[in-house]
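In: Pasting the sequence and the predicted model now:
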Amino acid sequence: MTKVKICGLMEPEHVQAAVQAGADAIGFVFAPSRRRITLKQAKQLARLVPEDVMKIGVFVNPSPEEVMQAYHEVPLDFIQYHGNESLDFIKSIGLPSIKVVSMHSEKDNGRIQSCNTQFVLVDTPGIEYNGGTGKVFDWSLLEGDLPRHQLILAGGLTVGNVQEAIRQIRPAMVDVSSGVERNNRKDEALIRAFIRAVKEEER
């Protein structure tokens with residue numbers, strides 16, 4: 001069954017809406033972004049997340065100290081590396097991890113296959129920030145023999161296209177942020193509708 005991650009959450013009511021609607025994972029952004037939150041904010045929001053829902057911290061080129069502090073203090077279940085971090089660096093940290101691969105061409109499939117992290121998140125290349133564009137990349141780039149059980153699909157997903165994305169890509173998880181926002185702010189109704197669309201596709 002495809003899992004759902006709601007990323008870039010900043011307010012208690014949106015965390016609660018996601019959890020109550022059946023989200024499998026919550027994403028907290030610690031990297032430069034309009035959705036960036038502090039460690040203190042993340043710790044407060046994490047109290048609203050039950051143990052069976054994954055808490056994922058999003059980082060871009062962090063120091064080992066930043067990662068370790070957030071992982072233990074929030075606490076987090078996974079670290080999502082969204083920058084130029086090498087696989088050796090990620091391995092040296094030694095925490096459950098997700099590596100992001102920006103999809104430019106079919107050549108990036110080799111990068112997906114070489115990742116030895118628990119999950120690989122595929123996203124549209126960023127412009128101002130690393131990812132978070134709210135735009136869909138060409139899903140046909142993901143054809144072929146890929147580790148679907150490790151694949152997290154992001155990039156421009158909405159309630160209108162997520163079911164087709166699941167049918168076409170068969171990812172382990174789908175990740176949404178701007179697709180559940182109105183006027184650059186999370187919307188509880190959109191969060192619920194997105195999660196419902198994913199769960200309905202799985203029936």
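Out: Yep, it's here.
In: So, low pLDDT: which residues of this structure?
Out: Counting by pLDDT under 70, the chain shows low-confidence ranges at 126-133, 202-203.
In: show me where it has helices.
Out: According to DSSP state H, the chain carries its helices in the segments 12-21, 39-46, 64-73, 87-93, 108-114, 162-169, 188-201.
In: which residue is nearest the middle of this structure?
Out: For the chain, Asp175 is the residue whose C-alpha lies nearest the centre (C-alpha atoms, centre = their mean; 4.6 Å).
In: would a markdown table of the helices of the chain with distance to Pro125 and mean neighbour count be doable?
Out: The C-beta positions use only the backbone N, C-alpha and C, and glycine is treated the same way. A markdown table is the format used below for the helices of the chain (distance: least, C-beta to C-beta, whole Å; neighbours: other C-beta atoms under 10 Å):
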| stretch | distance to Pro125 | mean neighbour count |
| --- | --- | --- |
| helix 12-21 | 26 | 19 |
| helix 39-46 | 26 | 16 |
| helix 64-73 | 23 | 15 |
| helix 87-93 | 19 | 13 |
| helix 108-114 | 10 | 15 |
| helix 162-169 | 17 | 17 |
| helix 188-201 | 23 | 18 |
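In: To Asp145, which of those lies closest?
Out: Closest to Asp145 of those, according to C-beta to C-beta: helix 108-114, at 8.1 Å.
In: Show residues contacting the closest one.
Out: Leu87, Val101, Ser102, Val120, Val122, Leu141, Leu142, Gly144, Leu146, Pro147, Leu151 (C-beta atoms under 8 Å, 6 or more residues apart in numbering).
In: so how far is it off the chain centroid?
Out: 18 Å (C-alpha atoms, centre = their mean, to the nearest Å).
In: Alpha carbons of it, in PDB - could you do that?
Out: Written as PDB, here are the backbone C-alpha positions of helix 108-114 (Å, rounded to 0.1, in the frame of the first residue of the first chain):
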ATOM      1  CA  ASP A 108      19.400   9.900 -13.000                       C
ATOM      2  CA  ASN A 109      18.000   6.400 -12.700                       C
ATOM      3  CA  GLY A 110      21.600   5.200 -12.100                       C
ATOM      4  CA  ARG A 111      21.800   7.500  -9.100                       C
ATOM      5  CA  ILE A 112      18.600   6.100  -7.800                       C
ATOM      6  CA  GLN A 113      19.900   2.500  -8.100                       C
ATOM      7  CA  SER A 114      23.200   3.400  -6.400                       C
END
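In: Fine by me, we can end here.
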